[in-house]
Structure formats: C-alpha cells, structure tokens
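[1] Sharing a model that was predicted from the sequence below.
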Amino acid sequence: MRLKCLFSFFRMRQRILTSGIDLLYVHSPETALPFLSNSAGIPVIFHQHGSGNPMERSKFGWGRNRLFKGLFNAFTGMIHRQADWTIAIDRLCVETGPPTRDSPKVITADECGRFAIFSS
C-alpha cells in the first residue's frame, strides 16, 4: 500500500505542484519524497508521526531485513535534511534527523506539554 501511494504521488507530482498551492503539509515519507526537490519553490512541512522504523515491526520477515531498515532510515534522513520544516512528535524524532539551518524542527505540545523549536 505504501509503495502504491509513493508511485501515485510521483505520477501526480507536477499536477499538484502547479495547482496553485502555497505549501505542502505531508504526514508520511511516501508523500514527502516526491516533493523534496520541487522546482516550484513550494515549502514542504513534514509531520513525522512515528519515530521508530516501521520495518522493525513488519509483519513480513523479508521486510525486517537490514536492507529495508537501512532504506527507510536513509529516506527519513533525506526528508529531514530537505524539508523546510519538520514537526516532531517526540525527542527521538528530533534526535534521528538533526535539524539543519534550513530545516528546523518543531516539537508538538505532546512532548513536555509545550512547543519548542530545536535548531543546530
């Protein structure tokens, strides 16, 4: 299902970028990846819902191998480096992809009962 979603967003990418939107607010890696290098200059906000690698808990044994875990970590790192903002749900999310000057992270109020901006 996630791969189907990823390929659908790649197919619809140009149509979405030229639809007159002001920003992209995405909630999963497969919706973020197609838009990280958009030439339209539309800001991408990535809302990371889970800090753990879902490949660790895959119901398929082949999905729990090092290759897929490594790919997921690499894609998540790329998203953290290239998104304009990352909304984090917990400290692990903040620590997994260090914020850069161009891509700050905002942690939600669920963590420590307050909002905070983490920057390098």
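    Thanks, I have it.
[2] which secondary element of this structure has the worst mean pLDDT?
    Using mean pLDDT, DSSP states H and E, the weakest-scoring helix or strand in the chain turns out to be strand 116-118, at a mean of 52.
[3] Gln82 is in contact with Pro34, isn't it?
    No: here Gln82 does not reach Pro34: they are 11.8 Å apart, not a contact under Cβ atoms under 8 Å. (Each C-beta comes from the backbone N, C-alpha and C, glycine too.)
[4] So for those two, which sits in the more crowded spot?
    Set side by side, Gln82 and Pro34 give different neighbour counts by other Cβ atoms under 10 Å, the larger being at Pro34 (21 against 17).
[5] Phi, psi for the more buried one please.
    Here the main-chain torsion angles of Pro34 (degrees, to the nearest 10) amount to phi -70, psi -20.
[6] Leu6 is in contact with that one, correct?
    Yes: with contacts defined as Cβ under 8 Å, Pro34 counts as touching Leu6 at a distance of 7.3 Å.
[7] where do the contact lists of the two overlap?
    Overlap between the neighbourhoods of Pro34 and Leu6 is empty, taking contacts as Cβ atoms under 8 Å, 6 or more residues apart in numbering.
[8] For His27, see how far away Ser37 is.
    Look at Ser37 and His27: by Cβ to Cβ, to the nearest Å, they are 19 Å apart.
[9] between those two, who's got more neighbours?
    Just comparing Ser37 and His27: by other Cβ under 10 Å the higher neighbour count belongs to His27, 13 against 9.
[10] residue contacts, that one?
    Listed by Cβ under 8 Å, 6+ apart, the contact set of His27 reads 46-47, 49.
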